[in-house]
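> attaching a predicted model along with its sequence, questions to come.
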Amino acid sequence: MFPTKKVDLLREAKRNISEAMTTRKSPKGQKQKNFQPLRDSGVSRPKRGRNEGGNSSQDNWLYGDHAVMAALANPNRKIKRLLLTKSKRENLKDHENDLVSSISATETVLSDQLKDILPENAIHQGIALLANPLHNWGIEDVPKICGDDDFASVAVLDQVTDPHNVGAVLRSAAAFGISAIIMPDRHSPPITGVMARSASGAVEMVPIIRVNNLSRALDILAEFGFWRIGMDGQADKDLDDTVQNVDKVALVLGSEGKGLRRLTAEKCDLLGKLPMSGKIESLNVSNAAAIAFYELTRRKKR
């Protein structure tokens, strides 16, 4: 321990330093900044322009003809605001005008006002809306979603992160009758205007199921009677051979570049590949999904 005299000297030195910090002048041209210890603040500042999901508030808007009209036609969507330019309002088709006229929260705005509200470079085509989120589906809802279809198909996305790709997959899923899209809650994009526009309205048509544990979700799909078929460029069989004589299919697609993760592939019952010429090593995941969905549709007709 310090002698009493040394302790008193230390305390006096600390007081002098503290007084000097609070009374000294700020450097020329700079404003005074008061020192506030972190322990005194108690509450951290919320980030500006963020919602509870962590996305920019601009991302909550849907925009573009197909995405907006599909949302307006969805009876399960609660529309908060619908914005149109005067030119867009005057050039609506009859069925589009009927949808727009059914919404009371409609506003006519300038194109520049839309640009201020929406993300940078958003192709809005003069129309945008703000709506409540879609229904939050769970993996346990798959039997209800698929109904009595003996040849039901769902798609499982293993960490596909690009919202444009997910949107394109949704569009193909709607075109070829895929019952649902399943993807992990982490390493997957949220439903934003970018995804909705890429999906051309399919966000409203194909249920999206987010899961915390993809491995467990694949186990549950097996319990529901689904064959888990993974897309792998190194598989021994082509996909059309793989899906012969199977009924319910959970088609598992890997991420952009890396493909299926090893643990995900090990959960699959079968692996299949597209019959490619070899000149190109692989396809974009959304293109591969479209071809694979078509093959799943063909198996119903055999």
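Yep, it's here.

> look at Ser188 and report its pLDDT.
Looking at Ser188, its pLDDT is 94.

> same thing with Gly257?
80.

> and what of Val43?
31.

> can you give the contact residues for stretch 79-90?
68, 71-72, 100, 103, 105-111, 113-114, 117, 125-132 (C-beta atoms under 8 Å, 6 or more residues apart in numbering). For every residue, glycine as well, the C-beta is placed using N, CA and C.

> strands of the stretch 201-302 of the chain, residue ranges please.
208-211, 227-231, 249-253, 270-272 (DSSP state E, counting those that start in this stretch).

> out of those strands, deepest packed?
strand 249-253 (a mean of 26; mean count of other C-beta atoms under 10 Å).

> and that strand, which strands flank it?
strand 153-157 (parallel), strand 227-231 (parallel) (DSSP bridges).

> identify the residues contacting the last one?
Residues from elsewhere that reach strand 227-231 (C-beta under 8 Å, 6+ apart): 156, 218, 221-222, 239, 242-243, 246-254, 259-260, 264-265, 267-274, 288, 292.

> surely Phe293 meets Arg171?
No: in this structure Phe293 lies outside contact range of Arg171 using C-beta atoms under 8 Å: 10.3 Å.

> just send the strands of the stretch 201-302 of the chain back as JSON lines, with mean pLDDT too.
Shown next, in JSON lines, are the strands of the stretch 201-302 of the chain (pLDDT from 0 to 100):
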{"stretch": "strand 208-211", "mean pLDDT": "98"}
{"stretch": "strand 227-231", "mean pLDDT": "97"}
{"stretch": "strand 249-253", "mean pLDDT": "98"}
{"stretch": "strand 270-272", "mean pLDDT": "97"}
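
> to Ile280, which of the ones you listed lies closest?
Of all the strands of the stretch 201-302 of the chain, it is strand 227-231 that lies closest to Ile280, at 15.2 Å by C-beta to C-beta.

> got the CA coordinates for the closest one in CSV?
Provided in CSV are the C-alpha atoms of strand 227-231 (Å, rounded to 0.1, in the frame of the first residue of the first chain):
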residue,chain,number,x,y,z
TRP,A,227,-37.4,-37.3,-51.3
ARG,A,228,-34.6,-34.9,-50.7
ILE,A,229,-32.8,-34.5,-54.0
GLY,A,230,-29.7,-32.3,-54.2
MET,A,231,-28.5,-30.6,-57.3
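
> and the helices in the stretch 1-150 of the chain?
Applying DSSP state H, counting those that start in this stretch to the stretch 1-150 of the chain gives helices spanning 4-23, 38-41, 65-73, 86-90, 94-101, 111-117, 142-146.

> least reliable of these going by mean pLDDT?
Taking the mean pLDDT of those, helix 38-41 comes last: a mean of 32.

> before we move on, the earlier item: distance to Val211 added to the strands paired with strand 249-253, as CSV?
Listed next are the strands paired with strand 249-253 as CSV, based on distance: least, C-beta to C-beta, whole Å:
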stretch, distance to Val211
strand 153-157, 9
strand 227-231, 14
